[in-house]
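Q: can't give you the sequence, but here's the structure:
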């Protein structure tokens, strides 16, 4: 579905440059969940 | 403006594709982070990607989700109004969930522009300082034209918000049930006496409701980053707590110092005159003279920032010592105040253990 008004353009500011003094913040990588340990079964009590 | 959807409906849809993030968000979205303000978001969309289309359909269809609002950027197809969340990190995580669901980049995408909403209507000086802190503190320097700030209510007789980076609310939905940090006062009543006996090294009273009925100040700045959301949230909190002294905001003194430091920075760079322009408009509307004056002031700020950026690049290129710029000073100011707030809260928490 496109913009319904004719001539719609990106909301584009003509010139954008990186701020030279900004220290890029590295987004912490979201860790994958640790693999689930197999459920422990109670050892059989010797009869 | 009515919200496009309820937060529980939105999360129920999003968790079908990103369960882990949504689970984390459900906990995070109610937490008050260091007493900073809650964050609302509006997403101006130039087009509906397939992913957004699917999201909108699952939330009730375009008519219900998007078309109930007349307000949007003039070049946008629609504006999706999200319910506010208690902190900036939750707002960022919500957008990440939406990115995952729609497979559409939201941060830094000129086709998807964000409007960051903070509770409380700042006066003109506060609004000017918020806009300047957002602009110079951002990871992107933008060369604005007034047209970039044109919305469907810019020339509206009823709302008359003009073409501005900052916009006030137009009434409508406002969720007051958000945390607000107030300084604990020592009145002589019995309740206060009981309170004083309870351990509270921060001296904060956490209120469940905001001290505003439905007032907001929003930043409409173009393609937006995570850093922009964090900076706007920090600066808006400090300025709001300092501006509404009668409601006893916890960060009042920090806010006053922040305003003072921002003024000093502007003065040192001969930019204090920028505060004279009308950075935000009330319902009284916008005169041609005001618009022209604002455009000239915005232009001055933008040109100054770009000239500083150019100088820094040149000095780096030539291996010269890079002299401090207004960009460094504003970045440093924001970082120091964030550090002060965090260390005060964490210090108090550490002392309590």
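A: Structure received. Quantities reported herein were computed from a predicted structural model and do not represent experimental measurements.
Q: Residue B:328: which element?
A: Using DSSP states H and E, residue B:328 falls within helix B:326-352.
Q: Next up, the contacts around residue 21.
A: This is for chain A. Neighbour list for residue A:21: B:312, B:325, B:327-328, B:331 [criterion: CB atoms under 8 Å, 6 or more residues apart in numbering or on different chains]. Heads up, the C-betas are built off the backbone N, CA and C, glycines and all.
Q: that's the other chain; I wanted chain B
A: By CB under 8 Å, 6+ apart, residue B:21 lies in contact with A:30, B:14, B:93, B:96-97, B:100.
Q: Which helix or which strand is home to it?
A: Assigned by DSSP H and E, residue B:21 belongs to helix B:19-28.
Q: Of all the residues in that helix, which ones are buried?
A: B:21-22, B:25, B:28 (16 or more other CB atoms under 10 Å in any protein chain shown).
Q: where in chain B is pLDDT low?
A: Where chain B drops to pLDDT under 70, the residues are B:1-2, B:156-157, B:186-199, B:283-286, B:288, B:351-353.
Q: which strands and helices sit next to the helix or strand containing residue B:262?
A: For residue B:262, the host element (DSSP H and E) is helix B:252-268. Contact analysis of helix B:252-268 by 3 or more CB pairs under 8 Å, 6 or more residues apart in numbering or on different chains; DSSP states H and E lists helix B:124-137, helix B:226-243, helix B:326-352 as its packing neighbours.
Q: Which ones among the contacts of residue B:21 lie within helices?
A: Cross-referencing the contacts of residue B:21 against helices under DSSP state H gives B:14, B:93, B:96-97, B:100.
Q: before we move on, the earlier item: okay if I get the helices and strands packed on helix B:252-268 as CSV plus mean neighbour count and distance to residue B:89?
A: As requested, these are exported to CSV (neighbours: other CB atoms under 10 Å in any protein chain shown; distance: least, CB to CB, whole Å):
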stretch, mean neighbour count, distance to residue B:89
helix B:124-137, 24, 17
helix B:226-243, 25, 8
helix B:326-352, 16, 13
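Q: right, and the ones you listed - which one's nearest residue B:261?
A: Proximity to residue B:261, assessed across the helices and strands packed on helix B:252-268 by CB to CB, is greatest for helix B:326-352 (5.3 Å).
Q: part of a helix, is residue B:4?
A: No. Residue state for residue B:4 (DSSP: H, G, I helix; E, B strand; the rest coil) corresponds to coil; a helix is not indicated.
Q: That one: how many residues sit nearby?
A: Per other CB atoms under 10 Å in any protein chain shown, the neighbour tally for residue B:4 reads 25.
Q: on that earlier part again, what angle do helix B:252-268 and the helix holding residue B:328 make with each other?
A: If you take axes from the mean of the first three to the mean of the last three CA atoms, to 10 degrees, helix B:326-352 sits at 160 degrees to helix B:252-268.
Q: what angle do helix B:326-352 and helix B:124-137 make?
A: If you take the same axes, to 10 degrees, helix B:326-352 sits at 100 degrees to helix B:124-137.
Q: measure residue B:59 to chain A for me?
A: To chain A, residue B:59 is 15 Å away according to CB to the nearest CB, to the nearest Å.
Q: typo on my end, residue B:330
A: Between residue B:330 and chain A the computed distance is 9 Å (CB to the nearest CB).
Q: contacting residues around the closest residue to that residue other than its chain neighbours?
A: Leaving aside its sequence neighbours, residue B:330 sits nearest to residue B:136 (CB to CB, 6 or more residues apart in numbering or on different chains; 4.0 Å). Contacts for residue B:136 (CB under 8 Å, 6+ apart) come out as A:19, B:301, B:305, B:326-327, B:330-331.
Q: likewise residue B:304?
A: If you count contacts by CB under 8 Å, 6+ apart, then residue B:304 has B:269, B:271, B:326 around it.
Q: repeat that with 10 Å
A: Applying CB atoms under 10 Å, 6 or more residues apart in numbering or on different chains to residue B:304 gives the contacts B:136, B:269-271, B:274, B:325-327.
Q: Now do the same for it: helix, strand or coil?
A: Using three-state DSSP, the three-state assignment for residue B:304 comes out as helix.
Q: Check the one 3 residues further on too.
A: Counting by three-state DSSP, the backbone at residue B:307 sits in helix.
Q: Report whether the expected contact of residue B:114 with residue B:94 is present.
A: No. The criterion here is CB atoms under 10 Å, and residue B:114 misses it with residue B:94 at 11.4 Å.
Q: Pull up the overlap in contacts between the two.
A: With CB under 10 Å, 6+ apart, residue B:114 and residue B:94 have common neighbours B:41, B:82, B:106.
Q: Nearest to chain A among those?
A: Chain A lies nearest to residue B:106 out of these, by CB to the nearest CB, at 13.0 Å.
Q: And for that closest one, the neighbour number?
A: Neighbours around residue B:106, by other CB under 10 Å: 22.
Q: tell me the SS of it?
A: Applying three-state DSSP: residue B:106 is coil.
Q: quick one, what contacts it?
A: Contacts of residue B:106 (CB under 10 Å, 6+ apart): B:41, B:43, B:45, B:52, B:92, B:94-96, B:98-99, B:112-114, B:223-224.
Q: Hmm, residue B:281 and residue B:290 touching each other?
A: Yes. Using CB under 10 Å, residue B:290 is in contact with residue B:281, at 7.6 Å.
Q: More neighbours: those two, which one.
A: residue B:281 (24 against 15).
Q: My understanding was that that one contacts residue B:294; is that so?
A: Yes. Between residue B:281 and residue B:294 a contact is recorded at 9.0 Å, counting by CB under 10 Å.
Q: what is in contact with these two at once?
A: B:162-164.
Q: and which of those residues is nearest chain A?
A: The closest of the shared contacts of residue B:281 and residue B:294, once distances to chain A are taken by CB to the nearest CB, is residue B:163, at 13.0 Å.
Q: Would you mind listing what in the stretch 251-353 of chain B touches chain A?
A: B:302, B:305-306, B:308-313, B:315-316, B:322, B:324-332, B:335 (CB under 10 Å from any CB of the partner chain).
Q: so how many other residues sit close to the nearest residue to residue B:250 once chain neighbours are set aside?
A: The spatially closest residue to residue B:250, leaving aside those adjacent along the chain, is residue B:181, at 3.7 Å (CB to CB, 6+ apart). For residue B:181, the tally of surrounding residues (other CB under 10 Å) stands at 22.
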